[in-house]
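Enquirer: Next come a sequence and a model predicted from it.
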Amino acid sequence: MTKNSANSTQGKVRATLYLTPELLDEARNATVFLAGYPLRLTLTRLVEQALRAELARLKNAYNCGEEFPPRTEELKGGRPIAA
C-alpha cells in the first residue's frame with residue numbers, strides 16, 4: 001500500500017476521467033443508496049476501492065503481484081495504441 005492509507009484525505013488530487021453516462025449514473029445511484037449508516041459510501045471511496053481492486057488484479061496477472069515500476073514520463077492523451 002502507499003504511504004497514505006485507504007481512508008486518508010491528505011494528499012488527494014483531483015483527476016478528470018471520462019466515463020460512459022450509464023456507468024457514472026450507476027455509480028451515483030449506488031453511492032446515494034449506500035451513503036447512510038453503516039457504510040457511508042461516497043463516490044470517491046467507491047472509485048478508490050474499485051481502482052485498488054483492479055490494480056491488485058493487474059499486478060497479480062501481469063507483474064507477479066509486484067508493484068509496477070515508476071513511470072518515466074507522463075501519460076499521453078488520445079486514442080489507445082492498438083496491440
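Expert: On my side now, so go ahead.
Enquirer: CA atoms for contacts and neighbours, from now on please.
Expert: Will do.
Enquirer: Report the secondary structure state of residue 11.
Expert: Of the three states, residue 11 takes coil under DSSP: H, G, I helix; E, B strand; the rest coil.
Enquirer: And residue 25, by the same measure?
Expert: Applying three-state DSSP: residue 25 is helix.
Enquirer: go on, residue 79?
Expert: Once three-state DSSP is applied, residue 79 turns out coil.
Enquirer: I'd like the distance between it and residue 67.
Expert: Residue 79 sits at a distance of 26 Å from residue 67 (criterion: CA to CA, to the nearest Å).
Enquirer: and if you look at residue 27?
Expert: When distance is defined by CA to CA, residue 27 is 27 Å away from residue 67.
Enquirer: So the closest residue to residue 27 other than its chain neighbours versus residue 55, what's the distance?
Expert: Counting by CA to CA, 6 or more residues apart in numbering, residue 43 is the residue found nearest to residue 27 once chain neighbours are left out, at 7.1 Å. From residue 43 over to residue 55 the distance is 18 Å, taken as CA to CA.
Enquirer: Please identify the helix or strand for the spatially most central residue of the chain.
Expert: Centroid-nearest residue in the chain, with CA atoms, centre = their mean: residue 51, separated by 2.8 Å. Residue 51 belongs to helix 43-62 when assigned by DSSP states H and E.
Enquirer: send the alpha carbons of that helix over as CSV?
Expert: Presented in CSV, the C-alpha positions along helix 43-62 are these (Å, rounded to 0.1, in the frame of the first residue of the first chain):
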residue,chain,number,x,y,z
LEU,A,43,-18.3,8.4,-4.8
THR,A,44,-14.6,8.9,-4.1
ARG,A,45,-14.5,5.9,-1.8
LEU,A,46,-16.3,3.7,-4.3
VAL,A,47,-13.9,4.7,-7.1
GLU,A,48,-10.8,4.3,-4.8
GLN,A,49,-11.8,0.8,-3.8
ALA,A,50,-12.6,-0.2,-7.3
LEU,A,51,-9.3,1.2,-8.6
ARG,A,52,-7.3,-0.5,-5.8
ALA,A,53,-9.0,-3.9,-6.5
GLU,A,54,-8.3,-3.6,-10.3
LEU,A,55,-4.7,-2.6,-9.7
ALA,A,56,-4.2,-5.6,-7.4
ARG,A,57,-5.7,-7.8,-10.1
LEU,A,58,-3.4,-6.3,-12.8
LYS,A,59,-0.3,-6.7,-10.6
ASN,A,60,-1.2,-10.4,-10.0
ALA,A,61,-2.0,-11.1,-13.6
TYR,A,62,0.9,-9.2,-15.3
